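S.K.: Quick check, what structure comes out for this input:
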Amino acid sequence: SPRLKQRALFVLAQSRSPQARKVLESVARGEHNPDLQLRALQYLGFNNADENRALLADIYASSPDMDVKRRILRAYGMMKDRDRLLAAAESESSPDLRSEAVRQLGIMKAQDALTTLYQRESDADVKQDILRSMFIAGNVDFLLNLARTETNPELKRTAVRNLGMMPKEKTGDALKT
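M.R.: The predicted structure follows:
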């Protein structure tokens, strides 16, 4: 059954056996059931080993599947792989995948990376995700600066709204001005 296969895959992901590794890699590369592939990619993210990072990078580069790429970005987030997430956020052609990378960077509170990305990003939806990530990271200064300087009214509104949801101890009287 699919559930039994998922459990077996989980056990294989915990093993240090070369044979278990070979099976896990085969499933992660999509040589079996697509649902199991997504699960294998997730399990690879549980272990922060260099070989897992390299395997995920190889699969990401060779796969056209958005779900596979999204799952790999989430695995990078679990691994706290800031560099690969930043690279995806900067170079990925798909706004959806850039947004996923941004969300993972936000969870990691990679505020400097998000600041740089905001300045370079042209897609308004991805910028919205950067603002949400900055809110999650608690970056009051960034949001205050945007509330004052952003020319896009919707992005400015989002910055002000996010500031309004932050504790007054963090925002002080800044929203009055």
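S.K.: Distance from the chain centre to stretch 138-147, please.
M.R.: 21 Å (CA atoms, centre = their mean, to the nearest Å).
S.K.: what does it rub up against?
M.R.: With contacts defined as CB atoms under 8 Å, 6 or more residues apart in numbering, stretch 138-147 is touched by 109, 111, 114-115, 118, 131, 134-135, 155-156, 159-160, 162-163, 166, 170-171, 174. In this view, the C-beta of every residue, glycine as well, is placed from N, C-alpha and C.
S.K.: Kindly report the same for stretch 48-68.
M.R.: By CB under 8 Å, 6+ apart, the list of residues contacting stretch 48-68 from outside reads 21, 25, 28-30, 37-38, 41, 44-45, 69, 72-73, 75-76, 79-81, 84, 88, 94, 96-97.
S.K.: Filter the residues you listed down to the buried ones and hand me the PyMOL line.
M.R.: To isolate the buried members of those in PyMOL, using 16 or more other CB atoms under 10 Å:
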select buried, resi 21+25+28+29+30+37+38+41+44+45+69+72+73+75+76+79+81+84+88+97
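S.K.: Sort out for me which of the contacts of stretch 48-68 are in helices.
M.R.: Members of those lying in helices (criterion: DSSP state H): 21, 25, 28, 37-38, 41, 44-45, 69, 72-73, 75-76, 79, 84, 88, 96-97.
S.K.: Okay, and which of the contacts of stretch 138-147 map to helices?
M.R.: Using DSSP H, the contacts of stretch 138-147 in helices are 111, 114-115, 118, 131, 134-135, 155-156, 159-160, 162-163, 170-171.
S.K.: Buried members of those into PyMOL, please.
M.R.: A single PyMOL command selects the buried members of the ones in helices among the contacts of stretch 138-147 (16+ other CB under 10 Å):
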select buried, resi 111+114+118+131+134+135+155+156+159+160+162+163+171
